[in-house]
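In: Have a look; sequence and predicted model below, questions after that.
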Amino acid sequence: MPVEPTPRRRRLGAELRRIREALGWTQEEAASHLGYRSFSTVSKIEKGVQGLKIQQLPHFFEVYRITDPELREELRGLVRRAGEADWWQRYQGVVDDPLGDYLSLVETASNLFVFNPAAIHGLLQTPEYARAVTEGSRAWKTPEDIDGFVSMRQEHQTNMLERDPALKIWAVLPEGLLRQEVGGRPVMRAQVEHLIDLARTAPNITIQVLPHRAGAHAGMDGPFMLISFPTGRDLVCIESMRASLHLNEPETVEVYRTTSDLLKSDALSQKASLPLLTTIAKDLA
């Protein structure tokens, strides 16, 4: 029976596809090994439009030769939580599918590298900065829509920053982004001071500033997020206002991993970034 292709079902399908391909099997061969009459069943599972029951997983573990305990537990978790309400279901009219995909993916991630020259990442924003970005970057019908979106982002931020185990966040922030007076000088100064506090007190958060003098740099092609998981493939997420592109092909992910490493090299170290952040905060006084 068809089911809603939620982010968790799609991630489950993507992992099963990765494992199948590592075995060198076509969908037809996998269907035969699993005892399905048609390869379309395997295709639907991999697309997330056909669900799996927890009782079916031992058969998949055996046939797909999945012996890693951590991978087994991750797959069990995806199956168990596949039917839970996702972010766009809990915030109808506020979260669209692409954003809902990202929010749900971050819930299961272990590491997040972010580069965005247009806005500070949502997990690092103050409430006032978040509201200013929201008001300035999207078309809203009512003030209540803005309130709902900001509340949703703040809930997600709280959940992710208080997670156990902690989500490791590495952000490279262009200097120009930090000098952009989003929400006015007091709001922006408070935002920069918040980044200073995070850099000093949060061991799971690394903040590097990409100074003006760096000139042309590895991130000239635009913003991206590199999302890593405890098991399985890493994922690159490229977001725009109404769409979100998820890339998990190894060759593509490796290109963005190299880009992230180059950006880390182009930027000031976290220790060297703190004096510049302090200077920017003073300039915004």
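Out: In hand now; what should we look at?

In: List the contacts of the residue most central in space within the chain.
Out: Centroid check for the chain by Cα atoms, centre = their mean gives residue 106 as the closest residue, at 4.5 Å. Counting by Cβ atoms under 8 Å, 6 or more residues apart in numbering, residue 106 touches 112, 156, 160, 167, 227. All C-beta atoms are positioned from the backbone trio N, CA, C, and that covers glycine.

In: can you tell me the helix or strand for it?
Out: For residue 106, the enclosing helix or strand under DSSP states H and E is helix 97-108.

In: for residue 18, same thing?
Out: Judged by DSSP H and E, residue 18 forms part of helix 7-22.

In: buried set for that helix?
Out: Of the residues in helix 7-22, those buried by neighbour count under the rule 16 or more other Cβ atoms under 10 Å are 7-17, 19-20.

In: So residue 16 versus residue 111, what's the distance?
Out: As for residue 16, its distance to residue 111 is 23 Å (criterion: Cβ to Cβ, to the nearest Å).

In: roughly how far is stretch 37-50 from the heart of the chain?
Out: Distance of stretch 37-50 from the chain centroid (Cα atoms, centre = their mean, to the nearest Å) equals 26 Å.

In: Extract the C-alpha set from it and format it as PDB.
Out: As requested, the backbone C-alpha atoms of stretch 37-50 are provided in PDB (Å, rounded to 0.1, in the frame of the first residue of the first chain):
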ATOM      1  CA  ARG A  37       7.700 -11.200  -7.300                       C
ATOM      2  CA  SER A  38       8.600  -7.900  -8.900                       C
ATOM      3  CA  PHE A  39      11.500  -5.400  -8.800                       C
ATOM      4  CA  SER A  40       8.900  -2.600  -8.400                       C
ATOM      5  CA  THR A  41       8.600  -3.500  -4.700                       C
ATOM      6  CA  VAL A  42      12.300  -2.800  -4.200                       C
ATOM      7  CA  SER A  43      12.000   0.400  -6.300                       C
ATOM      8  CA  LYS A  44       9.000   1.700  -4.200                       C
ATOM      9  CA  ILE A  45      10.900   1.000  -0.900                       C
ATOM     10  CA  GLU A  46      13.900   2.800  -2.200                       C
ATOM     11  CA  LYS A  47      11.800   5.800  -3.200                       C
ATOM     12  CA  GLY A  48      10.100   5.900   0.200                       C
ATOM     13  CA  VAL A  49       6.600   5.300  -1.200                       C
ATOM     14  CA  GLN A  50       6.300   1.800   0.300                       C
END
